[in-house]
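*Asks:* let me see the structure of the following:
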Amino acid sequence: QVQLVESGGGLVQPGGSLRLSCAVSGIGTDFDVWHTGWYRQAPGQQRELVARIFSGVGAFYVDSVKGRFSISRDNAANRVYLQMNSLKPEDTAVYYCKVSRMTDEYWGQGTQVTVSS
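*Replies:* All right, here's what the predicted structure looks like:
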């Protein structure tokens with residue numbers, strides 16, 4: 001059974017930083033072929049892509065986080081990370097990790113990020 005567990009969320013002041021981590025289990029030994037990404041959902045809004053990274057292809061970021069967020073992955077440890085710097089109140093949301101390959105996709109339960117003074 002594939003499981004994704006996010007961690008690292010919390011309350012931070014504007015301009016602060018957080019590092020989210022996503023631990024993936026039950027996915028076998030070929031984690032490197034899976035696409036990985038971070039999404040977020042703010043209250044009353046649809047879930048949106050924040051960043052994604054595919055092995056051998058590189059990373060993609062939505063315009064609102066470019067230059068502030070950095071996605072990375074550790075294929076040996078089956079983990080995906082999202083380093084978030086210069087956080088803004090509009091970054092407040094529940095952040096979700098997703099892995100996908102062909103028609104299969106799995107989501108984590110989410111971790112709350114709140115940016116407020």
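
*Asks:* for the chain, where's the lowest mean pLDDT among helices and strands?
*Replies:* Among the secondary structure pieces of the chain, namely its helices and strands, strand 58-61 has the lowest mean (mean pLDDT, DSSP states H and E), a mean of 93.

*Asks:* could you pull out the strands for this protein?
*Replies:* Assignment of strands within the chain using DSSP state E yields the ranges 3-7, 10-12, 18-25, 35-41, 48-54, 58-61, 69-74, 79-84, 93-101, 104-107, 111-115.

*Asks:* relative to the first one, what are the paired strands and their orientations?
*Replies:* Strand pairing for strand 3-7, using DSSP bridges, gives strand 18-25 (antiparallel).

*Asks:* in stretch 73-90, what counts as buried?
*Replies:* The neighbour-count check on stretch 73-90 (16 or more other CB atoms under 10 Å) flags Arg73, Asn78, Arg79, Val80, Tyr81, Leu82, Met84, Leu87 as buried. C-betas here are computed from N, CA, C, even on glycine.

*Asks:* ok, the closest residue to Gly16 other than its chain neighbours to Pro14 distance?
*Replies:* The shortest distance from Gly16 to any non-neighbouring residue, by CB to CB, 6 or more residues apart in numbering, is to Leu87 (5.3 Å). Leu87 is 6 Å from Pro14, where distance means CB to CB, to the nearest Å.

*Asks:* shared neighbours of the two, anything?
*Replies:* In terms of CB atoms under 8 Å, 6 or more residues apart in numbering, Leu87 and Pro14 are both contacted by the residues Val115.

*Asks:* re the thing from before, give me the contacts around the least confident helix or strand of the chain.
*Replies:* Surrounding strand 58-61, the residues in contact under the criterion CB under 8 Å, 6+ apart are Val50, Ala51, Arg52, Ile53, Phe69, Ser70, Ile71, Ser72.
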